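Visitor: What shape does this take:
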Amino acid sequence: MGFNQEAYYAECVALARALETVAKRTPAPKHVTIFTDAQAAIKRMAYDELEPGQKYALEARKHIAAL
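Guide: The predicted structure is shown next:
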């Protein structure tokens, strides 16, 4: 993650990586459940505005679209 990163970024990365892992599976699963208690990270995935975590939100949305 690098220096000066907050736990929030780690939560966003974890969500993006989980979606990436699922998106790479063949055949694609019909249902996916990802558990997290990071409500701020979950909300961040819903929009792509220029704010902290944008990179991970865009990545997560790309994987969701692939599914």
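
Visitor: nearest spatial neighbour of residue 51, skipping sequence neighbours?
Guide: residue 44 (7.6 Å; Cβ to Cβ, 6 or more residues apart in numbering). Any C-beta I mention is one placed from the backbone N, CA and C, and that applies to glycine too.

Visitor: what does residue 40 give?
Guide: Using Cβ to Cβ, 6+ apart, the closest residue to residue 40 is residue 8 (6.0 Å).

Visitor: which parts of the helix ranked longest in the chain are buried?
Guide: Ranked by residue count and defined by DSSP state H, the top helix of the chain is helix 7-23. Neighbour-count burial for helix 7-23 flags 9, 11-13, 15-16, 18-19, 22-23 (criterion: 16 or more other Cβ atoms under 10 Å).

Visitor: Which positions within the next helix or strand after that helix qualify as buried?
Guide: Next along the chain after helix 7-23, taking DSSP states H and E as the criterion, comes helix 39-44. Buried residues in helix 39-44, defined by neighbour count with 16+ other Cβ under 10 Å: 41, 44.

Visitor: Using PDB, write out the CA atom coordinates for helix 39-44.
Guide: Output of helix 39-44 as PDB, limited to C-alpha atoms (Å, rounded to 0.1, in the frame of the first residue of the first chain):
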ATOM      1  CA  GLN A  39     -19.400   0.700   5.300                       C
ATOM      2  CA  ALA A  40     -17.400   3.700   4.100                       C
ATOM      3  CA  ALA A  41     -15.600   1.500   1.600                       C
ATOM      4  CA  ILE A  42     -18.800  -0.100   0.400                       C
ATOM      5  CA  LYS A  43     -20.400   3.300  -0.100                       C
ATOM      6  CA  ARG A  44     -17.200   4.500  -2.000                       C
END
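
Visitor: and that helix, average pLDDT?
Guide: Across helix 39-44, pLDDT averages out at 87.

Visitor: outside of it, which residues touch it?
Guide: 8, 11-12, 14-15, 36, 51, 53, 56-57 (Cβ atoms under 8 Å, 6 or more residues apart in numbering).

Visitor: Quick check: residue 31 vs residue 65, distance?
Guide: Separation of residue 31 from residue 65 (Cβ to Cβ, to the nearest Å): 17 Å.

Visitor: For these two, indicate the residue with more neighbours.
Guide: Ranked by neighbour count (other Cβ atoms under 10 Å), residue 31 and residue 65 place residue 65 first, with 8 against 4.

Visitor: Done for today, thanks.
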